[in-house]
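**Student:** From the sequence below, what's the structure:
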Amino acid sequence: MKITVITVCLNAEKTIADCIQSVAGQSYMDVEHWIVDGGSTDNTLEIIEANQSQGMRVISENDDGIYAALNRGIKLASGEVIGFLNADDVFENADVLKSVAKTLAAPEVDGCYADLLYVRENDLSHVVRFWKSEPFEKGAFLKGWMPPHPTFYARATVYREIGGFRTDMRIGADWEFLLRFFEKEKRTARYVPETWVRMRLGGVSNRNIKNVLRNNFDT
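**Tutor:** Predicted coordinates:
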């Protein structure tokens, strides 16, 4: 199966190369990497050009915010499976997408997710927090549970059937989508007890969701 990884960015010159190289370094080969740039005015686009790799696709134009950009990436995606890697983030190792493909080889599974490490903004090796997830149980969102969205992968058919991200929400549309996926639509997702992503503290994506996720960490 082809996996589409979507990266949304705006003026991400400090981190975008790490993100691109992380995707390019995956051992799983059938990967499409869409970079949806919101009209960067720094050196982001030049860095993207310098780090071109097989399967990379780029679009750059002004948008209406991060969730509109994510939805644009979903519409552009040609993969059977879709996931997101923030411009500030990197995969934990080269076999993450291989693990995603293995998990979603089961036809009854609509999505999958794993664990996440929060690291220092300027030091990917310095782990600050470990977000340990767990299998979903009905009503978990009402208790403050949420899977780490940067580790979440779903079949493209899911987005066509239940919709993408709400653009009327300034923050928390990723939380709302996952709530809809798990609780309202009762889709099936499998938890994989592995670490898939390292997320920088202080990044734009981190600031957008930190209030929603504050109680979902184990230190």
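
**Student:** Thought residue 39 was touching residue 60, still the case?
**Tutor:** Yes - the pair residue 60 and residue 39 passes the contact test of Cβ atoms under 8 Å, sitting 6.2 Å apart. In short, each C-beta sits where N, CA and C put it, glycine included.

**Student:** Of the two, which one has the most company?
**Tutor:** The residue with more neighbours, out of residue 60 and residue 39, is residue 60; 16 against 12, by other Cβ atoms under 10 Å.

**Student:** in the sheet, who's paired with the more buried one?
**Tutor:** Each beta-bridge partner of residue 60 is listed here: residue 37, as defined by DSSP bridges.

**Student:** Please give me every residue in contact with it.
**Tutor:** Shown in contact with residue 60 (Cβ atoms under 8 Å, 6 or more residues apart in numbering): 37-40, 45.

**Student:** Can you tell me how far it is from residue 201?
**Tutor:** Distance, residue 60 to residue 201, using Cβ to Cβ, to the nearest Å: 27 Å.

**Student:** can you check residue 100 too?
**Tutor:** From residue 100 to residue 201 the distance is 25 Å (Cβ to Cβ).

**Student:** Those two: which is more packed in?
**Tutor:** Neighbour count, other Cβ under 10 Å: between residue 100 and residue 201, residue 100 has more, with 26 against 16.

**Student:** And residue 75, how close does it get to residue 133?
**Tutor:** In this structure, residue 75 lies at 28 Å from residue 133, with Cβ to Cβ as the measure.

**Student:** pull the longest strand from the protein.
**Tutor:** Longest strand in the chain, counting residues (DSSP state E): strand 189-200.

**Student:** So which residue is smack in the middle of the protein?
**Tutor:** residue 84 (2.5 Å; Cα atoms, centre = their mean).

**Student:** beta partners of the closest residue to it other than its chain neighbours?
**Tutor:** Of all residues beyond its chain neighbours, the one nearest residue 84 is residue 6 (5.0 Å), with distances taken as Cβ to Cβ, 6 or more residues apart in numbering. Per DSSP bridges, residues listed as beta-bridge partners of residue 6: residue 34, residue 84.

**Student:** Report the contact partners of residue 6.
**Tutor:** Residues counted as contacts of residue 6 (Cβ under 8 Å, 6+ apart) are 34, 36, 70, 73-74, 77, 82-85.

**Student:** let's go with 10 Å and repeat that
**Tutor:** Listed by Cβ atoms under 10 Å, 6 or more residues apart in numbering, the contact partners of residue 6 are 32-36, 57, 69-74, 76-77, 79, 82-86.
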